[in-house]
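Participant: what follows is a predicted protein model with its sequence.
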Amino acid sequence: MKSGEHKTEFETLLDALEAGLTEAKRVPLTDFVMVREDLILDALDHLRRIFPDEMQKSQWIIRDRDKILADARGVAEKTVLDAQARAGQLTSQDEVTRLAQARATEIMAEAQRRATELKDGAEAYAADVLARFDGELQKVMEAVRNGRERLGTRARQPNQQKGRPV
């Protein structure tokens, strides 16, 4: 993690799950570990509770991006209308008209550039946030799969041993 960044509650829980699995006691002569079921289940329950919050945050980001894009379009349209209005006022003289049209074209180009820049920035930001969120979800899903596999293996072992003579 880079300096200046802070972990989300989601990331902290993932780290706790990972630590719980990596620091668990190993079962001799196997690839299995013994974990405290209550700790893993508590962490999974907590993840389930905060998951809707994380989804809501991503939806807020998308709405913010859409608002930024709408604002950028509004600014561009207003700038174009202002430029057209200004150009309309200057149509009385040929030279003035030519200069006004050139300026209106410049203003329109600048407005388009600014709108595109705002749109690109908002989309890049939203894409980055969604990519990070996707990565975090992948980590959670992997932790849940690993936890379920380990818990499932542990739950099947005692049943298998009961049927065998010792």
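Facilitator: Everything's here; your move.
Participant: what residue ranges in this protein score low on pLDDT?
Facilitator: When residues are selected by pLDDT under 70, those of the chain lie in 1-6, 87-93, 155-166.
Participant: which helix runs longest in it?
Facilitator: helix 94-162 (DSSP state H).
Participant: mind listing what Arg65 touches?
Facilitator: Neighbouring residues of Arg65 by Cβ atoms under 8 Å, 6 or more residues apart in numbering: 122-123, 125-126. Any C-beta I mention is one placed from the backbone N, CA and C, and that applies to glycine too.
Participant: ok, 10 Å please
Facilitator: For Arg65, the contact set (Cβ atoms under 10 Å, 6 or more residues apart in numbering) comprises 119, 121-127, 129-130.
Participant: nearest to Ile62 among those residues?
Facilitator: When those are ranked by distance to Ile62 (Cβ to Cβ), Ala126 comes first, at 5.9 Å.
Participant: for that closest one, give its distance to Asp71.
Facilitator: Counting by Cβ to Cβ, to the nearest Å, the gap from Ala126 to Asp71 is 15 Å.
Participant: higher neighbour count, these two?
Facilitator: Neighbours per residue, other Cβ atoms under 10 Å: of Ala126 and Asp71, the larger number sits with Ala126, 19 against 13.
Participant: please report the distance of the residue lying closest to the more buried one once chain neighbours are set aside from Gln112.
Facilitator: Counting by Cβ to Cβ, 6 or more residues apart in numbering, Ala126 lies nearest to Arg65, which is 4.1 Å off, once chain neighbours are set aside. Distance, Arg65 to Gln112, by Cβ to Cβ: 19 Å.
Participant: go on, Ile40?
Facilitator: Relative to Gln112, Ile40 is positioned 54 Å away (Cβ to Cβ).
Participant: out of the two, which sits in the more crowded spot?
Facilitator: More crowded of Ile40 and Gln112, by other Cβ under 10 Å: Ile40, with 22 against 13.
Participant: whichever strand or helix holds the more buried one to helix 94-162, inter-axis angle?
Facilitator: Under the criterion of DSSP states H and E, Ile40 resides in helix 37-89. Here helix 37-89 points in a direction 170 degrees away from that of helix 94-162 (axes from the mean of the first three to the mean of the last three Cα atoms, to 10 degrees).
Participant: if I look at the residue nearest to Ala126, how far off is Val75?
Facilitator: In this view, Arg65 and Val75 are 16 Å apart by Cβ to Cβ.
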